[in-house]
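1. Model the structure of this input:
(chains A, B, C, D and E, ligands or ions: 4)
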Amino acid sequence: MSVPRSEDGAPILELRGVTKSFGANQVLHGVDLKVYPGSVTALVGDNGAGKSTLIKSIAGIHPIDSGEFWFDGERVQVTGPRDAAHLGIEVVYQDLALADNLDVVQNMFLGRERTKGAVLDEVSMEQAAKDTLTTLSVRTLKSVRQLVSSLSGGQRQTVAIAKAVLWESKLVILDEPTAALGVAQTRQVLDLVRRLADTGHAVLFITHNMVDVFEVADRVAALYLGRMAADVPISEVDRTQVIELITSGRSGDLGLDQSVFEGA
Amino acid sequence: MSVPRSEDGAPILELRGVTKSFGANQVLHGVDLKVYPGSVTALVGDNGAGKSTLIKSIAGIHPIDSGEFWFDGERVQVTGPRDAAHLGIEVVYQDLALADNLDVVQNMFLGRERTKGAVLDEVSMEQAAKDTLTTLSVRTLKSVRQLVSSLSGGQRQTVAIAKAVLWESKLVILDEPTAALGVAQTRQVLDLVRRLADTGHAVLFITHNMVDVFEVADRVAALYLGRMAADVPISEVDRTQVIELITSGRSGDLGLDQSVFEGA
Amino acid sequence: MASNTVPTSDVEPGESAPSGFENDRSDGTVGGAVRGYLDRLRGGDLGALPAVLGIVVLTALFFSLRPETFLTPLNITNLLIQAAPITLLAMGLVWVLLLGDIDLSAGVVSGVCAAVLAQLLAEVGVPWYIAVLAALLTGAVIGLFTGTLVAMIGIPSFVVTLALFLAFQGVTLRIIGQGGTVPIRDDVIRALTNSYIPVGIGWVLAAAVIVLYAALTLNRWRRQNAEGLTTQPLGIVLARIALIAVVVVGLTAILNADRALSAAIDLQGIPYAIPVVVILLLALTFLLGRTTFGRHVYAVGGNKEAARRAGINVVRIRIMVFVLSSSMAAVSGLVAAARLSSVTPGSGGGNTLLYAVGAAVIGGTSLFGGRGRVRDAVLGGLVIAIIDNGLGLLGVSAYLNYIITGGVLLLAASVDALARRRAAAGRS
Amino acid sequence: MASNTVPTSDVEPGESAPSGFENDRSDGTVGGAVRGYLDRLRGGDLGALPAVLGIVVLTALFFSLRPETFLTPLNITNLLIQAAPITLLAMGLVWVLLLGDIDLSAGVVSGVCAAVLAQLLAEVGVPWYIAVLAALLTGAVIGLFTGTLVAMIGIPSFVVTLALFLAFQGVTLRIIGQGGTVPIRDDVIRALTNSYIPVGIGWVLAAAVIVLYAALTLNRWRRQNAEGLTTQPLGIVLARIALIAVVVVGLTAILNADRALSAAIDLQGIPYAIPVVVILLLALTFLLGRTTFGRHVYAVGGNKEAARRAGINVVRIRIMVFVLSSSMAAVSGLVAAARLSSVTPGSGGGNTLLYAVGAAVIGGTSLFGGRGRVRDAVLGGLVIAIIDNGLGLLGVSAYLNYIITGGVLLLAASVDALARRRAAAGRS
Amino acid sequence: GDDGGSTGGSGGGDAQAEGKVGVILPDTESSPRWESFDRPLLEAAFEEAGVEYDIQNAQGDAQQMQTIANQMITNGATVLAIVNLDNASGAQIQDQAAQQGVATIDYDRLTLGGSAEYYVSFDNTEVGRLQGQGLADCLGDEPANIAFLNGSPDDSNATSFSNGAHEVLDPMTQYTQVAEQAVPGWEPTEALTIFEQMYTQQGGDIQGVLAANDTLANAVIQVLARNNQAGQVPVTGQDASVEGLQNILANRQCMTVYKPAAEEANALAELAIALINGEEDPSIINGESEDPEGDRTVPSVLLDPVTITRDNVSQVVEDGQVSAEDLCTGEYAAACTELGIQ
Ligand SMILES: Nc1ncnc2c1ncn2[C@@H]1O[C@H](COP(=O)(O)OP(=O)(O)OP(=O)(O)O)[C@@H](O)[C@H]1O
Ligand SMILES: Nc1ncnc2c1ncn2[C@@H]1O[C@H](COP(=O)(O)OP(=O)(O)OP(=O)(O)O)[C@@H](O)[C@H]1O
Ligand SMILES: [Mg+2]
Ligand SMILES: [Mg+2]
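-> Residues are numbered from 1 along each chain as shown, chains lettered A, B, ... in the order given. Ligands and ions are numbered 1, 2, ... in the order given. Below you'll find the model as predicted:
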């Protein structure tokens, strides 16, 4: 839609000092993050570092304990997924969240059904679903009227991704979207991520795959035990540094220093 | 336990002509497969090719329509997961299958609780669970008495893997075990897979990651649309060939030929 | 990671064309559609089959035991009127069950609404339409209350409605108060079950229903076909229209036949309660199957969290479903009151609710949410009414009646379960 | 993919040591344990708190309304006997609910078993222990039947037990005869609720319970501590033992006080039904919490498919749970029959079942399976018995009784729900 | 029914000077009378005599009745009157009361094998006999098919009613008994279906219906009305409820059995007061009843149930059991005028 902007511009989403606990278990410790339109930000971190918790907070699934969200230059309160959707944030969750009793088309249009008058416009939704799935290289799906409960792991993930990219949102967040995908499908999703950014959308992309990070990301943000260890342009780090940031929270000048933990 | 044997020896598990349909949807078409003790067989295939269905058939989750299972040289009937467990087959499923209302220790010992007299031996189970998890490089888990519903995606996967490797089974089947794992954890699992094979166990390993395939596998079996396109030693194929087998079912001399489909 | 394009020409398209969606292109023949249906049955998707089978088997059974009375126009009319209150109640409960919730208070709510109606008519003397409106409003307000407690406060629906089940018994007792029963004398209300549509008008209505159904079905088929989407072959569509026509014409003929037991009297025509049930069935089926609201109800029942993440206002949907269900309970209470021409403190109590839930479940609605249709209530309601009606003709003693009713219910349910189980051999 | 070893020395161990499991090492202080408990509460894990709060609030309420009678030894004894049948029934139902199933027939099963007992005593004249055995066996066989239908044939438990709910009403009616009652004259059976343990023996029993509890708890703590596993600090363990001791001693003192209303009569001692409840509570708690069977029940309730894949014989577990639950229904029927010294065709009917399920749910057991404890039945049963008992003292009219009972249930449930909801602000 | 105040020394030894009466009514469904007649009438009688009282309803549940009895005794009742739900559970309550030194009265239903001091009642078997006779009177000597619609199968009083009716009707050979069913829970909706099916099965060939009470009778009448037979087929009833009386006024019901609740309530109040005051042989005692099971005789106040037909409907109004205002609404006004009811 708009022209791509570099990360020097204003961030579309900015988090300041976000903290979040589950009972006694503090998962996020004052996390700052900036996501820019027209660029792909890779969010990396060890298992259990808090990546999914962070993006669920952005999406309004979890209320946060403290911290600020700024979207498009304004401070916003996100109290539920509906708020996030209204802002123009679309999310593919790691745990997918599909309604198993509905079919592929119904899931893809859930919450945003097309209607003709009061009546659901099944014809147009079915057509649009097929078109989108085709661009994602889905070739083994027998029918778009199949219940998602009967889909393979990769097929489910594709449906979730297709659902998110159907809507031209300002910010697309993808939590390990290629984890269950085959070679060809992964290729399509990476291309899609790049294409989204190139057409001016902001993309936040969680992955454990370093190859993917260095292929599509413009920036990389590393979480270490719930703290943001680094949030830098991809050009400033190499693969070994990113892995160090993930596993130990620091790498050379970058990352957290001991004082952070002692201050806690 | 036993000394490693090469794939020239007798296969521990052999499938002959396994077919399986879900209603009108035929998913497996006469699949043959051999898995050898002391070696890692990578099962690859596109999303929806039928990999998970195949291993669920082996594990007795799905009854098959026709075909034969041979285990350790004998023809066997597997009518449920209990049969598979008795044979010495241990499986990590793609959809994990953990009881969300139980904690990590309880899940890891589910179905094989240790007891002292009639009473559960919680102390020894907790200790064993901790030991196993530690070898899998789990560092962010706060407590082994945490409910698995509160675990991150990668932590859940680790628990499922830990549950399977606790038992020294003859055949270990892993369905995309590293999909949600971080860099370090993936490393540990790959090492573990190799170690299992080197100590004489048979491993059947499903993955979409070609790097992993070529790192740990001794053989590679490629499923294409429910048909076994190739089942060959890793030394006979290269990466491009495997990808071709996955995406088109054939590569040069290898793979299915047109007549297979015409015969159907 | 070379992205190979797949040589589609290599493989035979009919079976495994890798371009996908091959099952979405029907082969357009009736035979293919029938095969598809049998495959679905084998796949465990039994749909209405078990309930329909139950109706057929029970009808055959009672007909063989009481050939001279069971299938007379009089008894069929009785049967339909007997089935109406429970069916209406179940038609509301289906929605609650779709959410994975339960409403134990639905039966007594129907009693409260009927009591409101009766007292307004008897004590205040308002015209019937005001009283009906008030009763429906009472139902809706109760639903709003229940729904709010369940969806906003988050108390499990079982507990909320158990508490309300008790409380509303007291309310009915209070409303009815001295005298113990309130007779209903209003002719319009009583007409619901005690008067009959003139024969001519009955036939016109029947024709209208058939034409409307045919027009809508054919139009839908035409449109889908034009877009090249999944459709059933025209033959099947026409066959369904024919089936509906036969059922409607057959029932109309039976209800329009003279069913008086003595020659002196003239007793014929469709009882007004029947079109009420049919219209509500059509309206609710439309709401559930063809509108956004219905879609969201399924989604909330299938996976609340997924629905929430998709931006659906889960709280609103749940509240609205309880309002709808309690309003249907009110309608059911009205019909039951009309049938008895009076309201007692026990109205809607006893086994009313369990029968209604049983009707929905036997019809095919799942108690765990996400699976069910409005017509399930009608089919299941018929099964239960047939058992009751047939046993009444047999005139067995009370204890046998309990045992046989239970036994038949069990049998009906186990046919269903066994069929699904056989099918499940092919499922996870 | 370099596998860096993590420089553990870099980070402060107490908070985020990357070696994991830090929450498993308790800091060993009482303060820490209390903080942990508060954190768990905030985290939404309320445990027994809402039910205990309910008991306390209701007691305070009724005490303030009827200060001269509510907390007298006589009334407390009455209360405990009143609570016994419903508690016993709920103690069985908890297991069924843990599986995510329901048993609508449990109430009438208790009636059938009581009818068997009564007829064997009255008509056949067998000794009491044979009659009791036969009643328990009847319960077990019924459970086997129900469980088989549910677990092997795969009919939803709601439908099976709805059908059996009807059928068993007929069976009781058959056994007892229309409009009949069978009096129970056997002294041993009647002693359950009408005779009392001699004061001295009562004190010995109380002491035994306390010593046993202390020994088991301390031994467990010692063993866990020795292995360096998660434990509660000794202070907390001792505090819990003290709490149990206070409750047991207090209750024993109250029940051993003379509660006769006229000076001429001598009425004191623990009713025999109380140790029956306590022993079953302890035994079932052990079975559920400390054995493989109990663990598997939780697993099946939490995720049937995961349990199946883990090699658990899901069918067997479900059948056994139904056997257990129906046997407990039989025990409940015995106590209820002893209390009335008679059995009628309506025994176990009416609201019995709903109250028992309500008791389990108010105690904290989930209707969706996987969450619950045996003690929930006791706590919830007490809540319901207190409402009943207190309202009986107030002497309100029938309609108000219904409304107030419903209202109080609702209130109790919403306190729970609101607390959980506040906590859920911190959950997904 | 709440006395509000504290009774002070409820456990005190001298029950002579003061006491408290507890009354437990059985349910709300077998008849509307318990909540709508007995409760207010008893309240009025006790208030007049200046006795403390507590009236509760067991809501059809014997366990509940047991609980209420416990609570009343705890609350210091010195006299307990119960309408038992069945003999054995009633006897249990009375035994327990005796243990605590509380005197008991059987109200309306005699507890066989019980230990009540007194018994106040209409004879339930007699009620059934009146119904049988009433039906026979309406039918006359013509041969007729008759159907029985009995009360709840788990209610022992329903058995007494039907026994009485059979006693009268069984010897009458001109009648053929073509159908007999018990109505679970006295539920009128069930009764409707049950009778509808009887009627259909008999091809409408039913000339008389013995319905156990007015609520069941009304259900029968609805079925008859739908077949344009209301008024042609005599139907019996019980309770003299407004609905039943209106059906009688409109000629749809042939008779009902009236049990003047006021008489019964007053008798109970009088006996209770006598017991509290330690009176021997209250003058109101007019007979005694056999308790074959307990092998004893119980001093009784036995009241006569009255057959009400269209001719003596006015008696019920005159007794004040039903107000003319309630009865003579709308279409019934004319009949009331005709019969001189106001
Ligand atoms: N509902 C919850 N209750 C308690 N703890 C939770 C909850 N959800 C997550 N956690 C904990 O929070 C931490 C972070 O979890 P999160 O899912 O954000 O990790 P992640 O970075 O997405 O990991 P992964 O790469 O494995 O997906 C984990 O230690 C997890 O155990
Ligand atoms: N229960 C079911 N009912 C109907 N179809 C099913 C069912 N389970 C799987 N399928 C279909 O079978 C095919 C194979 O599924 P399977 O899960 O075996 O794929 P897979 O090779 O494991 O794919 P992935 O790599 O995505 O995990 C898919 O097309 C899927 O839609
Ligand atoms: Mg995650
Ligand atoms: Mg798979």
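
2. who are the neighbours in contact with E:N228?
-> C:260, C:265, C:267 (CB atoms under 8 Å, 6 or more residues apart in numbering or on different chains). Glycine gets a C-beta too; all of them are placed from N, C-alpha and C.

3. distance of the last one from D:V315?
-> Just to be clear, that refers to C:L267. Going from C:L267 to D:V315 by CB to CB, to the nearest Å gives 54 Å.

4. and A:I64, backbone torsions?
-> The phi/psi pair for A:I64 (degrees, to the nearest 10) reads phi -90, psi 160.

5. CA atoms only for stretch A:155-174, dumped as PDB, please.
-> The C-alpha coordinates for stretch A:155-174 follow below in PDB (Å, rounded to 0.1, in the frame of the first residue of the first chain):
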ATOM      1  CA  GLN A 155      -1.800 -27.900   6.700                       C
ATOM      2  CA  ARG A 156      -3.100 -26.400  10.000                       C
ATOM      3  CA  GLN A 157      -0.200 -24.000  10.100                       C
ATOM      4  CA  THR A 158      -0.800 -23.000   6.500                       C
ATOM      5  CA  VAL A 159      -4.500 -22.200   7.300                       C
ATOM      6  CA  ALA A 160      -3.500 -20.100  10.200                       C
ATOM      7  CA  ILE A 161      -1.000 -18.100   8.100                       C
ATOM      8  CA  ALA A 162      -3.500 -17.800   5.300                       C
ATOM      9  CA  LYS A 163      -6.000 -16.400   7.800                       C
ATOM     10  CA  ALA A 164      -3.600 -13.700   8.900                       C
ATOM     11  CA  VAL A 165      -2.500 -12.600   5.500                       C
ATOM     12  CA  LEU A 166      -6.000 -12.400   4.100                       C
ATOM     13  CA  TRP A 167      -6.300  -9.000   5.800                       C
ATOM     14  CA  GLU A 168      -4.000  -6.300   4.800                       C
ATOM     15  CA  SER A 169      -2.900  -5.300   8.300                       C
ATOM     16  CA  LYS A 170      -0.400  -2.700   9.300                       C
ATOM     17  CA  LEU A 171       1.500  -5.100  11.500                       C
ATOM     18  CA  VAL A 172       1.700  -8.800  10.900                       C
ATOM     19  CA  ILE A 173       3.100 -10.900  13.800                       C
ATOM     20  CA  LEU A 174       4.100 -14.500  13.100                       C
END
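
6. For that stretch, buried residues please.
-> The neighbour-count check on stretch A:155-174 (16 or more other CB atoms under 10 Å in any protein chain shown) flags A:155-166, A:169-174 as buried.

7. about what we covered before: any chance of the contacts of E:N228 in TSV with neighbour count, secondary structure and pLDDT as columns?
-> As requested, those are exported to TSV (neighbours: other CB atoms under 10 Å in any protein chain shown; DSSP: H, G, I helix; E, B strand; the rest coil; pLDDT from 0 to 100):
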residue	neighbour count	secondary structure	pLDDT
C:A260	16	coil	79
C:I265	13	coil	73
C:L267	17	coil	81
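
8. For ligand 1, state which of those is nearest.
-> C:L267 (65.9 Å; CB to the nearest ligand atom).

9. Next up, the contacts around the residue lying closest to the closest one once chain neighbours are set aside.
-> Leaving aside its sequence neighbours, C:L267 sits nearest to C:A260 (CB to CB, 6 or more residues apart in numbering or on different chains; 3.8 Å). By CB under 8 Å, 6+ apart, the contact list for C:A260 reads C:74, C:266-268, E:227-228.

10. For those, point out the one with the lowest pLDDT.
-> By pLDDT, C:D266 ranks lowest within the contacts of C:A260, coming in at 76.

11. Which of the three states applies to residue 204?
-> No chain specified, so I'll use chain A. Judged by DSSP: H, G, I helix; E, B strand; the rest coil, the three-state class of A:L204 is strand.

12. not what I meant, chain E
-> Of the three states, E:G204 takes coil under three-state DSSP.

13. Now flag whichever of the contacts of C:A260 is closest to A:L181.
-> Closest approach between the contacts of C:A260 and A:L181, by CB to CB: C:L74, at 65.7 Å.

14. so the closest one is in which element?
-> Secondary structure from DSSP states H and E places C:L74 in helix C:73-98.

15. ok, now A:S169?
-> Counting by DSSP H and E, A:S169 is part of no helix or strand.

16. which element is the residue nearest to it when sequence neighbours are not counted on?
-> Using CB to CB, 6+ apart and skipping residues adjacent in sequence, the residue nearest A:S169 is A:E90, 3.9 Å away. Per DSSP H and E: A:E90 is located in strand A:89-92.

17. Who does that strand pair with, and is each partner parallel or antiparallel?
-> As defined by DSSP bridges, the strand partners of strand A:89-92 come to strand A:171-175 (parallel).

18. anything in the strand it pairs with near ligand 3?
-> No. Against ligand 3, strand A:171-175 shows no contacts by CB under 5 Å from the ion, the least distance being 5.9 Å.
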